[in-house]
Each structure stands twice: as structure tokens, then as C-alpha cells.
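K.L.:
The following comprises the amino acid sequence and a computationally predicted model.
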Amino acid sequence: MTVGDLHRGDTAVVKSFLSGLDSQSRFLEMGILPGVELRLVKIAPLGGTIELKVRDYYVSIRHQDALNIVIEN
Amino acid sequence: MNAETVPWVALVGNPNSGKTAIFNLLTGMDQKVSNYPGITVEKKLGTGKFNDGTAYHLLDFPGTYSLTPESFDERIVTEQVLEWIHGKNPPAVIVSVVDATNLSRNLYLTTQLLDLGIPIVIALNMMDLVDQTEKLDASSLKKWLCAAAIVPVSALKKSGFNKLQEQVRASILTKPVNNDIFPLEVTKTLETILMPITSLLYTKLGYTPRLAAAQALRLITRNSTLELYNKAIQEGQKINSKIVNELEHLRTVAIKEIEKAELKPSSLEAILRYQWLDANLAQDRSDHTNQIRKINANEKIDQILTHRWLGPGIFIGLLYFIFQSIFNFASIPMDWIEAGVNWLGKGAVTLVPESNFRGLLIDGIIAGLGAILIFLPQIVILMFFLTLLEDSGYMARVAFMLDRGMSKIGLHGRSVLPLMSGYACAIPGIMSTRTIDNWKERLITMLILPLMSCSARLPVYALMIGAFIPPITVGYIFGLQGLMMVVMYFIGTVTALILAKIFSLWIKSEGKSSFVMEMPPYRMPILRSVFRQVFIRAKLFLFNAGKIIMAISIILWFLASFPKTDIIGDQPAIHNSFAGKIGHAIEPVIQPLGFDWKVGIALITSFAAREVFVSTMATIYNVENAADEMVQLSDAMKNDLNPSTGLPVFTPLVAVSLMVFYVYAAQCMATFAIIRRETNTWKWPLFMIAYMNVLAYLVSLLVYQGGLWLGFS
């Protein structure tokens, strides 16, 4: 399962990144890394982008990137 | 004041940490705004005063999440930090701005700064917003971070700033030393692997043990860190290529060993640092679990503002409201300014005796400046709303909603904000494209941005619409004038988006695109700060545009008034002046667009800046009019008849054609200069000038000839 498979309101714990993720270091420095818990807040009106809550803040990422973030079962 | 004796302080923090508001509060109105046409913008410099009256310089850096260079903005900070490490004018103190409601991510950067050995004073912003149930132990925080001081502040309530300045002052005087030991928990294996790099940095470059360990880890994590060292050599910092080559070699060896130990080099620093941070923070905060399940006020607001249907609808509604209010709210102050300029012109007639100088003063300077001054209220209103949208945090939601569409046409969600600021002025818009990491997306954003109708076009639109579009209501609620204005902005924007797609097909891509964007909390914009930004912009508009307009008005007055010839028949003297000759020479080229020779002159002068169109027309009509009193520009244009046909020179169709020309034409020296600087080549600005002006001519031609064919006049 990846973050891209989550539904609105689901929570999950990040397990690892797949090698296809381009902006890995950006995720890391913002504290989105293995062991961190996140919640899928919403999907953008046009799709393509999703909003997550992680740590104490909200962040939006592309769905294609979310498919490269593996979550724990 | 001697620059060497005044200490300087760096202001560093995450994006959205409230850094700019703190900068404004500390520096008051002393801020030197150097971030406009042509001048380097990266950093903002201001001067603050301590309680004892001594001054200090404050340098505001772009918001950054870490000292690993990702985007262009972050590179600026990281490069600067490397200079400090190598002893080139380091700050006396770094004020690290931390959003207290978002501690762990903000402190990540702070802990990287603490490695530098420069005293760090933490400004714990937004303490008033921290959940009361989560007690935060600031003194414990200070202790394990080893910061020089932690001061809770609130930019909104303006509290804590005396204390902050006191602590900065104290740190400058006492120069407290940070803990010298690298605090992150590094395993023995990893420590051994990193040791060759650490000791090289320690022995050859004189880093402290803590800094050496931190830099060693960062070198492993990111290749770009090594690039910065290479750049540092070129800049003549105290480091040579032998050391960098050695570093590169050691790095390669270490990375292999780390991979052998089944660790990921690229994620090492972040994982270790967050582990350390999270463990320590857990002790300081009694109840901080389940944070991600909490639905806060922002999320509730977003349930409406980024709602599937409501979200886009509200956005379009807001844009429409803003453009309507430009017309509705500005009319009264515009009347005042007009009255004031007329009064000034009349005063000059009575005070200054009849002479060439009086002609220059009244027809050149007062008419030229007055014509542009009148549009200041509209520009201020536009700036006000854009600043409000940006400061409130709404723009990030727009980027979130539109990223899908944007990425389809080769842009990025982050392109939305620069493009929207392009409505105010292309210069700050082009500069804010630096937040776009991907070069191709950034370049395309810059190239199409000048098609967003900036405030310099506003005077042209406003003049033509005010004079030639009837103020009638269509469909019960839409004023035709306001609607026309929206149409002008709309066609520029739509063309920009179409061209983005076309450009994206042939501009080569470097690197891949990603979108990781924080959704900042909604904040009540601090009105003081909004007004200040609007004030600064308005001032810059008046002075910068004013200088150009003044110079061009004076030159134009000479060209339009000389050589003095006798009036031949009923033709005013201006026809035989230099300007008249130039205008008549290009008239055949622009006649198919519906423009006469006067517009031709104005097109040439407005190549420097668009708003010059209005002042040029004002000067021409005033010179043409032999009488002493000033002529009202829109009246003069309405009453202007073509001497050969007896028909009006300006009609609604000509007005539309002219406006369309201004939507597309590239006519701003400052924009060319800034694109040259940002792309580091003349290729792109020249390309932009070419495509925009060709487009302007063709579309204008189509509008005018098509309009005539359809029977409009």
C-alpha cells in the first residue's frame, strides 16, 4: 500500500520511499520520513494533488509522488 | 554611521514562519527596499535600534526548510552560510524564527544553524496560537538546543520584541559559545565511516568538531553540497581545490561503505536529526500525540475554500470582485487627483511668464506626470487585494486547486502565485518564480508572465475604457466598463496559458517536476504590514515610473515643440515637429490596426514602460493645443477628428484594438533586464520581446480589421 491508495480521512505510517520519488530530499527535510504518521485530508477539486496532515502542518503533494511513498500495513 | 562598527544580524526561518512580519516590526520604517527593477533582491536589508539607542543591521533571508540546497531560494541561504563558515563577514547573531505551532519542522533548520557556532537567538513566533493544553517548556528547549536565548514573540500582538532585541544585544556583547559537541546520535559504525571527512574538515579547514560532523553528514546526503564547495573556491574563499578533490574522493568511499552497511546515504541527515529532535521534543510537550487527527480551524475553513465545487467558484468570484472594485472604489480619489493637477497647471499659468520653459512645465512635466498620477488609486487597490490574498495564505490553496491544470500545460502549482503577482507587476512575479525547483517550469512561467496584465497597463485600459466604452449595465449586474476590463485581463491570461503549453513542447526539460507545498495556516493579514507593502509599491511606482515618465515627457516635449514652424493651413505646428515626423513615418505600419501618428509616437515611447503611453498622449495633446490652459486627456481624445476624413480618430473599436495591443506587447525595459538576470542570457528576453510584439501586432490587426468587417466602428 502507498499513500496514493489512501482515502479521505485515512491515517497511515510511512514505511519507505520507492526509488521513483524525485523529490525525496524535500520530503525528508520537511519531516515526512519513515515512522511518521500522516492523514489524507482531501483530494484537490481537479484531482492530481492531495492534501496531507503530517506532524503539525498541512502539506499538498502530487498523487504520482504519493504512489511512491509506501505505508505500513 | 560606520558600517564596520554596526553589528549585523541575520534573520533566518522556514517559509510561513512569520519572518517578514518580524523583520518589519524590528526595522520599522527604516527598511531599505532594494528589491525592485534591476537591483539584486535575494536579501532585504534593514536597520533596527536596540533599547540603548545603538543601531544594528538586519538582513532578511528567503524562507528555507533546511541548509540542503533544493530550490533557488534555498541555494542563496546555503551559499551564504558556507561563506560565513569560511570566515567571510559572518553575522554577530542569527535570529532563528520558529513557528511555535509547528515546532519539529521549524527546529530542523534551527538545529542546522546551531552547528555553525554563531550565537542563535530563537524567536518563538505565534506563541499565542499554541494550544493551551500543550504546555511548552521553553527553558528546557533552550537547554537541550544550546541556543543563546529563546524569546516567545507574537508578530500579530506585537509582543516580545523588546525582549528579543535585548537578547540579541546581550548575545552580541557576550558572544556565548554553543555546545561544541555534535548532538545527533550517530552509531559507532557510521561515525567511523564519516571520520576521514570529519577530520579533514576539522584539521584542514578549522571547523569545530560539531560543524565538521554536521558538514560531513550533509556532504554524504547531498551531492549539491559538494557543488557549493566548488563554487566557494571560485569565489576565493579560504579553501582550495586540493581539499575539495580530497573531499570528493572521501565522499565516494564513504557512500560505498554506508551502502554496504545497508543504510541510505541520501536520507541519513534528515532521519538522524528528526530522531533526535522528536525524542527531545516528546519530553518537553506533555500531550502531543494524535496531532494529525485533530481538525483545526484551518481545515474547517478549507472544507469550504478548497471544496470540490465551491472552491474554484469562490476563486473566480474573488477575482471578479477585485477587478470590479478597481473601477468602483477608485473613481472618487481619481477625481481629486484630476482636480489637483488642473489646479497646479492653472497656478503655473499665472505664476510663470509666457516662455518656452512654461510650455515645458505645463505641457511636458505637469501634463505628463498628472496623467499617470491619476491611476495611482487603481494601482493601490489592486496591490492591496493581491497582498491580502498572499498574506492570508489563500494563494497556497489556489496553487493546490490548480496544480493539476497547471502541470498539464507545463507549469507548476507554484506558478500560480508568480502569475497572479504579475497582475501587479512582472518584476516581483518573475522573482518569485525562484520557488519553482524545476528549471523548465520556472523558465516557462517567466516567459509567459509578462502577458499577465500588470498595473502599468491599467492606466491604458482605464483611459480607453473610461473614454470610449459606455458605462451601461449588461445582464442586470455587470457594468460594461468593468466587464471590458475583465476581458482584457482574461485574454492576456488565457493566451499566457496556451503559450505555456506550446513552449513546454519544445523547451527541453532538465530534471523532473515535483510538488511538495506547505498549506500555511490562514492568518489574519497584519494590516500594518499590508498597507506598508502597498505603500512601498506605490512609492516605487511613483518614483521609478515617475523618473522615466519625467525624462520621456521632457524629451517628447522638445521633439513635439521643435522645430517651431509657422502654422500651414489648419494643421497644428506639431505635425512638422520632430515627433510629428516620426509619428507620420510609422503611421502606415500601424494604420491597419486603427492607430494614427499620435498613437505611433506613444507606442515608441512606451517601449520603455507601458504607462508612458498616457503621459505621452497628454503631452502631445497639450503641445498641439495652443491655448494656455491644460486639456483634459480623455476629452481631447474624444474630440480629436481626423483632418482628412472629419471622422473621430478614436472610436470604441480603435480603443479595443489599442488595448489588445497593450495586452500583448512587450514594452518594459525593467522586465527585459530582470529576465536577462534570472536566465543569465539575452536569448530569453529577446525571444520574449519578439514573440510578444509579433502577437500584439497580429491580434490587434485581427481585432480592428475583423471589427470593421463586422460593421463596428
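P.N.:
Thanks, I have the structure now.
K.L.:
and the longest helix seen in chain A, anywhere near chain B?
P.N.:
Longest helix of chain A, by residue count under DSSP state H: helix A:24-29. Yes: using Cβ under 8 Å from any Cβ of the partner chain, helix A:24-29 reaches chain B at A:24-29. From N, CA and C alone the C-beta is placed, and that goes for glycine too.
K.L.:
export those residues to CSV and tack on distance to residue B:639 and neighbour count?
P.N.:
What follows is these, written out as CSV (distance: Cβ to Cβ, whole Å; neighbours: other Cβ atoms under 10 Å in any protein chain shown):
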residue, distance to residue B:639, neighbour count
A:24, 67, 22
A:25, 65, 20
A:26, 61, 23
A:27, 65, 25
A:28, 68, 26
A:29, 64, 27
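K.L.:
Now pLDDT and distance to residue B:169 too, for the residues you listed, in CSV please.
P.N.:
Below are the residues of helix A:24-29 next to chain B laid out as CSV (pLDDT from 0 to 100; distance: Cβ to Cβ, whole Å):
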residue, pLDDT, distance to residue B:169
A:24, 84, 42
A:25, 84, 37
A:26, 87, 37
A:27, 92, 39
A:28, 92, 36
A:29, 91, 32
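K.L.:
Closest to residue B:394 out of the residues you listed?
P.N.:
residue A:26 (23.0 Å; Cβ to Cβ).
K.L.:
That closest one and residue B:435: what is the separation?
P.N.:
For residue A:26, the distance to residue B:435 (Cβ to Cβ, to the nearest Å) stands at 12 Å.
K.L.:
Let's see the pLDDT reported for the closest residue to chain A within the stretch 501-650 of chain B.
P.N.:
Of all residues in the stretch 501-650 of chain B, residue B:514 sits closest to chain A, at 3.5 Å by Cβ to the nearest Cβ. pLDDT for residue B:514: 71.
K.L.:
Likewise for the one 3 residues further on?
P.N.:
For residue B:517, the pLDDT comes out at 86.
K.L.:
where exactly do the strands run in the stretch 351-500 of chain B?
P.N.:
Using DSSP state E, counting those that start in this stretch, the strands of the stretch 351-500 of chain B run over residues B:473-474, B:478-479.
K.L.:
what's the closest of those strands to residue B:198?
P.N.:
Nearest to residue B:198, of the strands of the stretch 351-500 of chain B and by Cβ to Cβ, is strand B:478-479 at 68.7 Å.
K.L.:
For the closest one, which outside residues touch it?
P.N.:
Residues from elsewhere that reach strand B:478-479 (Cβ atoms under 8 Å, 6 or more residues apart in numbering or on different chains): B:324, B:327, B:471-473.
K.L.:
Now neighbour count too, for these, in TSV please.
P.N.:
Converted to TSV, those look like this (neighbours: other Cβ atoms under 10 Å in any protein chain shown):
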residue	neighbour count
B:324	18
B:327	22
B:471	11
B:472	9
B:473	12
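K.L.:
which of those sit farthest apart?
P.N.:
For the contacts of strand B:478-479, with distances taken as Cβ to Cβ, the pair at the greatest spread is B:324 and B:472 (14.9 Å).
K.L.:
Hmm, residue A:46 and residue B:402 touching each other?
P.N.:
Yes: in this structure, residue B:402 is within contact of residue A:46 by Cβ atoms under 8 Å, at 7.3 Å.
K.L.:
Looking at these two, which is more packed in?
P.N.:
A count of neighbours by other Cβ atoms under 10 Å in any protein chain shown puts residue B:402 above the other of residue B:402 and residue A:46, at 23 against 17.
K.L.:
In contact with the more buried one, which residues?
P.N.:
A:46, B:413, B:416.
K.L.:
Strands of chain A, start to end?
P.N.:
Here chain A has its strands, by DSSP state E, at A:11-17, A:37-43, A:49-54, A:57-62, A:69-71.
K.L.:
how about the residues of chain A near chain B?
P.N.:
Residues of chain A lying near chain B (Cβ under 8 Å from any Cβ): A:11, A:17, A:22-31, A:33-34, A:37-39, A:41-42, A:44-49, A:51, A:53-62, A:65.
K.L.:
Please list only the buried members of those.
P.N.:
A:17, A:22-31, A:33-34, A:37-39, A:41-42, A:44-46, A:48-49, A:51, A:53-62, A:65 (16 or more other Cβ atoms under 10 Å in any protein chain shown).
K.L.:
where's the helix or strand of chain A with the lowest mean pLDDT relative to the chain centroid, distance-wise?
P.N.:
In chain A, no helix or strand scores lower on mean pLDDT, DSSP states H and E than helix A:24-29, which sits at a mean of 88. Relative to its chain's centre, helix A:24-29 lies at 12 Å (Cα atoms, centre = their mean, to the nearest Å).
K.L.:
Tell me which other helices or strands it touches.
P.N.:
Packing partners of helix A:24-29 (3 or more Cβ pairs under 8 Å, 6 or more residues apart in numbering or on different chains; DSSP states H and E): helix B:268-284.
K.L.:
tell me which residues of the helix or strand just after the helix it packs on are tucked away?
P.N.:
Using DSSP states H and E, the helix or strand that follows helix B:268-284 towards the C-terminus is helix B:297-305. Neighbour-count burial for helix B:297-305, counted by 16+ other Cβ under 10 Å, picks out B:298-299, B:302, B:305.
K.L.:
Restrict those residues to those that also contact chain A, please.
P.N.:
Applying Cβ under 8 Å from any Cβ to the buried residues of helix B:297-305, one finds that B:298-299, B:302 fall near chain A.
K.L.:
sorry, back to before: looking at the residues of helix A:24-29 next to chain B, which is nearest residue B:612?
P.N.:
Using Cβ to Cβ, these come closest to residue B:612 at residue A:26, 43.1 Å.
K.L.:
The closest one touches residue B:70, doesn't it?
P.N.:
Yes: counting by Cβ under 8 Å, residue A:26 does reach residue B:70; the two are 5.6 Å apart.
K.L.:
Identify the contacts common to the two.
P.N.:
With Cβ under 8 Å, 6+ apart as the test, residue A:26 and residue B:70 both reach residue B:437.
K.L.:
which stretches of chain A aren't confidently modelled?
P.N.:
For chain A, no stretch has pLDDT under 70.
K.L.:
Next to chain A, which bits of the stretch 301-450 of chain B? Give me the list.
P.N.:
Going by Cβ under 8 Å from any Cβ, the residues of the stretch 301-450 of chain B near chain A are B:302, B:306-309, B:311-312, B:396, B:399-405, B:407, B:413, B:437.
K.L.:
Extract the CA atoms of the lowest-mean-pLDDT helix or strand in chain B and return them as PDB.
P.N.:
None of the helices or strands of chain B scores lower by mean pLDDT, DSSP H and E than helix B:367-373, at a mean of 73. Output of helix B:367-373 as PDB, limited to C-alpha atoms (Å, rounded to 0.1, in the frame of the first residue of the first chain):
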ATOM      1  CA  ALA B 367       0.600  67.100 -18.100                       C
ATOM      2  CA  GLY B 368       2.800  64.000 -18.200                       C
ATOM      3  CA  LEU B 369       3.000  63.400 -14.500                       C
ATOM      4  CA  GLY B 370      -0.600  64.300 -13.900                       C
ATOM      5  CA  ALA B 371      -1.800  61.800 -16.500                       C
ATOM      6  CA  ILE B 372      -0.100  59.000 -14.700                       C
ATOM      7  CA  LEU B 373      -0.700  60.100 -11.100                       C
END
